[in-house]
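Undergrad: Take a look and give me a structure for this.
(2 chains)
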Amino acid sequence: MPLKINNVRKVFPNKKEVDHVVIKGFSAEIEEGEFVSLIGPSGCGKTTMLSMVGGFQQTTDGLIALDDVEIDGPSVERGYVFQNYALFPWMNVGRNITYSLRMQGMPKEQRDVRLKELLEMAYLTGHEKKFPIQLSGGMQQRVAVLRALASHPRILLLDEPLGAVDFQMREILQNELASLVQKAGTTVMMVTHDVSEAVFLSDRVLVMQSNGGELLADVKIDLPRPRDRSSDQFKTYNNDLTDLLRKAFNYSKE
Amino acid sequence: MERILRKFPKPSKGTLMFFGGLAVAFVVWHFASLHIDQAIRLPNFVTTMQAFFTNWTNSWVMENLGITLWRVLRGVGYASLIGLPLGMFMGYSKTIRQAISPLMNSIRQIPIMAWVPMAILWFGLGEGPTLFIIFMSAVFPLMINTLSGVMNIDPNYISAAKSMGASTLKIFVTIILPGAFPSFLTGLRMAVGLGWMSVICAEFIATSSGFGFLLIQAQIQFRTADLWSLMIMAAVTGYFIDRILLLVERSLTSWRFKDAAEN
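TA: Next up, the predicted model:
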């Protein structure tokens, strides 16, 4: 079992007032090769959760383990795609993608082979000399995913990868992301606030509660891929999850 | 006639306005100098222009201009050696920033010319005080711009680098340095500009060579047309240094621009 989150609590200490409890207790498991989305109302702590899996923040209590090894800081085992992609603007596409390989000290010949393979996977061959500013939003997203995949991570962590994309582009980029992730065959944990995005991409959707981020529902999306957004089943999942999300929001008001 | 005119590219409105404004200023100057008719106070426009153009081929003028530019280069060089690392450390560590910021912000309130008497006491007359004045005017823009360059680096870049296995040293070399570089170059451009402006004043007092010394000589000898032409030279030189540095800045950080050559 690649990822195990066991009763994680996250508290931000506050000297003047009461400590801010972001996550009261969250448990989940992600199987090998699964695509799991984390949805919930804003402020439910889903990004904090992902960031702890990434190793950027520490848990207050509880345990997060990848392949039964406790997570302690960031690592190439967990490829992270940031909401704003965080591509290094002074490096061209090729150097961005091979960054982790260079940090690992991989020889240039091997790096070039891997780069070629990755560029082909995302239809970016010929763009490796471009700088991030010269790319469209969709291309930037693919570069960010490739960069996170370069060192064959055990799991890919996506923090609202389409959060900044406008509505018309979203579906196109969702298709691209779906095919890219499928080709790579990696386990994925994604944070999003968009229900249909979660249904379109995920094998399983975890709904977090608004206040304290406890797990409200764990919904398996049993639809063939590639998914048809206009199918009745898709719409049913979409409606059910939207209801759950509303419930997650109301829960906090009670 | 029309056919000949058409061969020339049409100048932009900005260019036309620039030359128009300049022409108006020159006409006003010309007639004012004829009206006032005191060459010591307001030199004749034509005489001044003659002096201006001959100065560029005058070896004595050019030698002193060279001396001053060489001082600016060295002064800014020393300022970079101190300002770049200090700015880096201050951007990197809040503790260092807290320790240095108040001191830095107090010292830089001292008008640059107020350092001249002190500089002469420390270094005597000659190269020392002029270099020191350039250093003092250049070091703060360098520090502040480098500091803000480091502080404005997206924290996600650092997180991303960490998640890709970069060590602290590698993060410094591959993220912090290139990330702060554009801001450092902006600081450098400001530093050279301020250095160029202040060195001339320092040269009035502290040395017997350099561009500022030429200005004082022209004043003492009542060569007002020469004085004016030297002042225009100072403006033109400053302008072109700034343009050149701007070009250097753009070409060294071409990744910031959409029309960058693929690299």
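Undergrad: Pass me the low-pLDDT residue ranges in the stretch 151-263 of chain B, would you?
TA: Regions of the stretch 151-263 of chain B meeting the criterion pLDDT under 70 cover residues B:260-263.
Undergrad: Point out the residues in it that sit beside chain A.
TA: B:154, B:156-157, B:159-167, B:170, B:174-175, B:178-179, B:181, B:253-258, B:260, B:262-263 (Cβ under 8 Å from any Cβ of the partner chain). In short, each C-beta sits where N, CA and C put it, glycine included.
Undergrad: rerun that using 6 Å as the cut-off
TA: Selection of the stretch 151-263 of chain B residues close to chain A by Cβ under 6 Å from any Cβ of the partner chain yields B:156-157, B:159-160, B:162-166, B:178, B:255, B:258, B:260, B:262-263.
Undergrad: A:Val53: which of those residues is nearest?
TA: B:Ser163 (10.9 Å; Cβ to Cβ).
Undergrad: All the helices of the stretch 1-150 of chain B, residue numbers only.
TA: Using DSSP state H, counting those that start in this stretch, the helices found in the stretch 1-150 of chain B span residues B:2-7, B:13-36, B:45-55, B:59-92, B:94-107, B:115-123, B:127-151.
Undergrad: residue boundaries of the helices in the stretch 151-254 of chain A?
TA: Counting by DSSP H, counting those that start in this stretch, the helices of the stretch 151-254 of chain A are A:167-184, A:195-201, A:232-253.
Undergrad: can you tell which of those helices is closest to B:Phe45?
TA: helix A:167-184 (61.2 Å).
Undergrad: Now the residue nearest the centre of chain B: which helix or strand?
TA: Taking Cα atoms, centre = their mean, the centroid of chain B lies closest to B:Gly193, which sits 1.3 Å from it. Assigned by DSSP states H and E, B:Gly193 belongs to helix B:177-206.
Undergrad: Quick one: list the elements packing against that helix.
TA: helix B:59-92, helix B:115-123, helix B:127-151, helix B:211-220, helix B:224-252 (3 or more Cβ pairs under 6 Å, 6 or more residues apart in numbering or on different chains; DSSP states H and E).
Undergrad: Including mean neighbour count and distance to A:Leu244, could those helices go into TSV?
TA: Putting the helices and strands packed on helix B:177-206 into TSV (neighbours: other Cβ atoms under 10 Å in any protein chain shown; distance: least, Cβ to Cβ, whole Å) gives the following:
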stretch	mean neighbour count	distance to A:Leu244
helix B:59-92	19	45
helix B:115-123	16	69
helix B:127-151	24	42
helix B:211-220	19	76
helix B:224-252	16	52
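Undergrad: In chain A, what residue spans correspond to strands?
TA: Taking DSSP state E to define them, one finds strands in chain A at A:3-12, A:20-30, A:35-39, A:61-66, A:69-70, A:78-81, A:155-159, A:187-191, A:204-208, A:215-220.
Undergrad: With chain B as the reference, name the closest of those.
TA: The closest of these to chain B is strand A:78-81. By Cβ to the nearest Cβ, the value is 4.6 Å.
Undergrad: Is it possible to get TSV of the helices and strands packed on helix B:177-206 that adds distance to A:Ala217?
TA: Listed next are the helices and strands packed on helix B:177-206 as TSV, based on distance: least, Cβ to Cβ, whole Å:
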stretch	distance to A:Ala217
helix B:59-92	44
helix B:115-123	70
helix B:127-151	42
helix B:211-220	77
helix B:224-252	53
